[in-house]
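[1] sequence unknown, structure follows:
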């Protein structure tokens, strides 16, 4: 059986991280999201995959090539315009000619979930479903004796139910049906419209999955996926640990050097990164390759991408930091409100309650902060920004912006 992975979207809700990469290439637990998706498919027995690409497609193709590095055979189909999930699957028509597994490229789950989906397939289409507390942000299915009888996209009522996991097994006979779908109100061709059409014919199965599942549509959802993956990874100490206190599991890749520091696992430290002296790397943190985390700097529950430097007296908590960022001495990231309330973030010009009591900052690539700068909880800073010395960031900063503080000194002599 072959697989089709949808990785064409821009990931607008994940900006500023997706200004410079497709969302499936955001690193989680040391590897791009798509790498984890492919690994899961391979463990489930899928050896040949079509990846549907569009936005910044060369980032994906350059990373995975023909698939040999991940033990698979990979080919690519280009979705000419990002016109929805049904249109994305149609891009694989002609390459796929039999039963196939279709998954979104931004979903983290377990290989046993895909195996269960495959073994349960006995109709033209089978949909993986997960029970969630609030289905208002998902498509929700009503299932009777293993068949989806009704499917509703993002109901307005807040209730629990079986959410669409964006994981499917389909027969190749769905392609003509996908081609015949009408454009939705939001101007896209939706795979959910196919589910509804097949439900009327009693020809779409629904399988409730008990395994871990997390789609990564919002920035703060990356933390849950990172924690899950870190806890599943085996311990590895290929780098050098020198005069360190370690509590819990650590994954330290070749060439990394950690000295005179405290590690509280699970943590991941990428190749050729240097940690110390007196650094405190707290649990559920992933630090990429070629990073420098130095003197008395704390990193807590954060995803730090490649080539980031925070070498002096900084605090980075519950944050995601893009590649090639530099933190000036004493940079402080606030991650908690005084009233202990949940933190809101602005996503595509709308305030969204993250439901998290602790959340720091989301920073794009190539951004720098000056000495003694600080950031309030739940802010975003775009890529290629400069945040000057002593600046307190209390609002979202657009990409390629310079923010400086004008200081008026009053000097009086006697």
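    In hand now; what should we look at? As the structure is a prediction and not an experimental result, all values here were calculated from the model. Numbering: from 1, shown residues only.
[2] From residue 38, how far off is residue 7?
    Distance, residue 7 to residue 38, using C-beta to C-beta, to the nearest Å: 10 Å. Placement of C-beta: from N, CA and C, glycine included.
[3] next one: residue 256
    25 Å.
[4] now residue 238
    23 Å.
[5] Compare the two (neighbour count), which wins?
    Taking neighbours as other C-beta atoms under 10 Å, residue 238 and residue 38 compare with residue 38 leading, 26 against 11.
[6] Shouldn't the more buried one be within a helix?
    Yes: under DSSP: H, G, I helix; E, B strand; the rest coil, residue 38 falls within a helix.
[7] Report the spatially closest residue to it, excluding sequence-adjacent ones.
    Spatial nearest neighbour of residue 38, excluding adjacent residues (C-beta to C-beta, 6 or more residues apart in numbering): residue 70 at 5.1 Å.
[8] Could you check how many residues crowd around that neighbour?
    Neighbour count for residue 70, taken as other C-beta under 10 Å: 19.
[9] those helices in the stretch 1-150 of the chain, which residues are they?
    33-43, 57-64, 85-90, 111-119 (DSSP state H, counting those that start in this stretch).
[10] Tell me which of those helices sits most buried.
    Sort those by mean neighbour count, taking mean count of other C-beta atoms under 10 Å, and helix 85-90 sits at the top with a mean of 24.
[11] Show me the domain layout of the protein.
    2-217, 235-403 (automatic domain parsing).
[12] Quick one: closest of those domains to residue 227.
    The closest of those to residue 227 is domain 235-403. By C-beta to C-beta, the value is 4.6 Å.
[13] just to revisit the earlier point, output the helices of the stretch 1-150 of the chain in TSV, with mean pLDDT and distance to residue 102 appended to each entry.
    Supplementary listing: the helices of the stretch 1-150 of the chain in TSV, determined by pLDDT from 0 to 100; distance: least, C-beta to C-beta, whole Å:
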stretch	mean pLDDT	distance to residue 102
helix 33-43	97	11
helix 57-64	97	17
helix 85-90	94	6
helix 111-119	96	10
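[14] who wins for proximity to residue 211 among the ones you listed?
    Across those, closest to residue 211 is helix 111-119 (C-beta to C-beta), at 4.1 Å.
[15] Show me the helices in the stretch 201-350 of the chain, by range?
    With DSSP H, counting those that start in this stretch, the ranges of helices along the stretch 201-350 of the chain come out as 221-232.
[16] On the three-state scheme, residue 352 is what?
    Taking three-state DSSP, the label given to residue 352 is strand.
[17] for residue 178, same thing?
    Residue 178 - assigned by three-state DSSP - is helix.
[18] how much space between it and residue 121?
    For residue 178 relative to residue 121 (C-beta to C-beta), the value is 18 Å.
[19] Ok, residue 145 next?
    Relative to residue 121, and taking C-beta to C-beta, residue 145 is found at 15 Å.
[20] Tell me the strands beside the helix or strand hosting residue 169, with direction?
    Using DSSP states H and E, residue 169 maps to strand 161-170. Pairing partners of strand 161-170, with direction, according to DSSP bridges: strand 100-104 (antiparallel), strand 125-132 (antiparallel), strand 139-144 (antiparallel).
[21] got the angle for that strand vs helix 111-119?
    70 degrees (axes from the mean of the first three to the mean of the last three C-alpha atoms, to 10 degrees).
[22] if we can go back for a sec, is it possible to get CSV of the helices of the stretch 1-150 of the chain that adds distance to residue 306?
    Output for those, formatted as CSV (distance: least, C-beta to C-beta, whole Å):
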stretch, distance to residue 306
helix 33-43, 14
helix 57-64, 13
helix 85-90, 29
helix 111-119, 27
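[23] for these, which one sits closest to residue 351?
    Closest of those to residue 351 is helix 33-43, at 25.7 Å (criterion: C-beta to C-beta).
[24] Centre of the chain to the closest one, how far?
    The chain centre lies 13 Å from the centre of helix 33-43; the measure is C-alpha atoms, centre = their mean, to the nearest Å.
[25] do the same with stretch 117-129
    Centroid displacement of stretch 117-129 relative to its chain, using C-alpha atoms, centre = their mean, is 25 Å.
[26] In contact with the closest residue to residue 34 other than its chain neighbours, which residues?
    Nearest residue to residue 34, sequence neighbours excluded (C-beta to C-beta, 6+ apart): residue 24, at 4.0 Å. For residue 24, the contacting residues are 7, 11, 32, 33, 34, 37, 60, 105, 106, by C-beta atoms under 8 Å, 6 or more residues apart in numbering.
[27] ok, now with 10 Å
    5-9, 11, 18, 32-38, 51, 53, 55, 59-60, 63, 104-107, 216 (C-beta atoms under 10 Å, 6 or more residues apart in numbering).
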